[in-house]
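Asks: I need the structure of the sequence given here:
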Amino acid sequence: MELIEYPDREVLALDLADVIASELGNQLRHEERAMLVVPGGTTPGPVFDALCAARLDWDRVDISLSDERWVPEDHPRSNTALVKSRLMVERAAAARFLPFYAGGDDPDPHLGRVADGMAAHLPVSVALLGMGDDMHTASLFPRGDNLRLALDPQAPVLVSMRVDSQPEVRVTFSAPVLRAALSLHIVIMGVDKRAALERAQGLRPEEAPVAALLGDAVVHWAP
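Replies: A predicted model of the protein is given here:
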């Protein structure tokens, strides 16, 4: 794991957006398309604000979430709406979004078809992830019903996840898919998240799922 510390969150957002744009640009110089995976939640918002204006061939970039609640895009808890309104604007409006949600209340009947569509775009070029205080990342939750499957080296591309603390069923990229990203970044803010990161380094992935990815990740932190 590489840890980069920033003096404040604004500097982190600007610098990390530059890094991601550079990595996507390098991919596009060698490949026809690039795939960017991003988290939901409020933490990446400032990174999105800076990244959306980057000078890239955005029409050759596919964007997906690392995980999503299995709800329609117009649902108030949809992360898809956040990405489309905050990242896929300005120059980045030309990018193509790859959705998880395929209708209904239960993702399991749809996962095979959705995963096949996602697999055509793998490996991920650049993955940006967050981390919760409970040391989850994407929807790899410590007490998730399918965590063991999602951590398995032979895990499928997508895994559904149910957690008592979360009202909706979720769908997440599995740990092997995220770990195989050509560039893997984790962004965290504040002293509590820094303490959680330090705890995770001494725990098993079953207890701290983010630990399954730290060996391949660059962690970006600001107070």
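
Asks: quick one: the strands in the chain?
Replies: Using DSSP state E, the strands found in the chain span residues 2-5, 34-38, 61-65, 67-69, 96-97, 126-129, 158-161, 170-173, 183-189, 218-222.

Asks: so which of those strands comes closest to L24?
Replies: Taking C-beta to C-beta, strand 34-38 is the member of the strands of the chain nearest to L24, at 4.9 Å. C-beta: built from backbone N, CA, C; applies to glycine.

Asks: what angle separates that closest one from strand 61-65?
Replies: Computed by axes from the mean of the first three to the mean of the last three C-alpha atoms, to 10 degrees, the angle separating strand 34-38 from strand 61-65 equals 20 degrees.

Asks: Name every sheet partner of strand 34-38 and say whether each one runs parallel or antiparallel.
Replies: On the basis of DSSP bridges, the sheet neighbours of strand 34-38 come out as strand 61-65 (parallel), strand 126-129 (parallel).

Asks: That strand - what's its average pLDDT?
Replies: Along strand 34-38, the predicted confidence averages to a pLDDT of 98.

Asks: same deal with stretch 216-223?
Replies: What stretch 216-223 shows for mean pLDDT is 97.

Asks: Export the strands of the chain as a markdown table, with columns for distance to I20 and mean neighbour count.
Replies: Written out in a markdown table, the entries for the strands of the chain read as follows (distance: least, C-beta to C-beta, whole Å; neighbours: other C-beta atoms under 10 Å):
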| stretch | distance to I20 | mean neighbour count |
| --- | --- | --- |
| strand 2-5 | 13 | 13 |
| strand 34-38 | 7 | 26 |
| strand 61-65 | 11 | 21 |
| strand 67-69 | 18 | 25 |
| strand 96-97 | 17 | 14 |
| strand 126-129 | 5 | 26 |
| strand 158-161 | 23 | 25 |
| strand 170-173 | 17 | 27 |
| strand 183-189 | 7 | 22 |
| strand 218-222 | 10 | 20 |
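
Asks: of these, which approaches V114 most closely?
Replies: Closest approach to V114 among the strands of the chain is made by strand 158-161 (6.2 Å; C-beta to C-beta).

Asks: same for the closest one, what does it pack against?
Replies: Here strand 158-161 is seen to pack against helix 111-119, helix 147-151, strand 170-173 when contacts are counted using 3 or more C-beta pairs under 8 Å, 6 or more residues apart in numbering; DSSP states H and E.

Asks: circling back to that earlier point, quick one: which of the strands paired with strand 34-38 is nearest A222?
Replies: Counting by C-beta to C-beta, A222 lies closest to strand 126-129 out of those; the figure is 14.7 Å.

Asks: Just the residues contacting that closest one, thanks.
Replies: Strand 126-129 is contacted from outside by 16, 20, 23-24, 27, 34-39, 44, 47, 66, 137-138, 178, 181-187, 213, 217, using C-beta atoms under 8 Å, 6 or more residues apart in numbering.

Asks: Okay, angle between the helix or strand of the chain with the lowest mean pLDDT and strand 61-65 too, please.
Replies: Ranked by mean pLDDT, DSSP states H and E, the helix or strand of the chain with the weakest confidence is helix 79-86, at a mean of 94. Comparing the axes of helix 79-86 and strand 61-65 via the same axes, to 10 degrees yields an angle of 140 degrees.

Asks: got a list of what the residue lying closest to M88 once chain neighbours are set aside touches?
Replies: Of all residues beyond its chain neighbours, the one nearest M88 is A95 (5.7 Å), with distances taken as C-beta to C-beta, 6 or more residues apart in numbering. Residues in contact with A95, defined by C-beta under 8 Å, 6+ apart, are L36, W58, D59, V61, D62, I63, M88.
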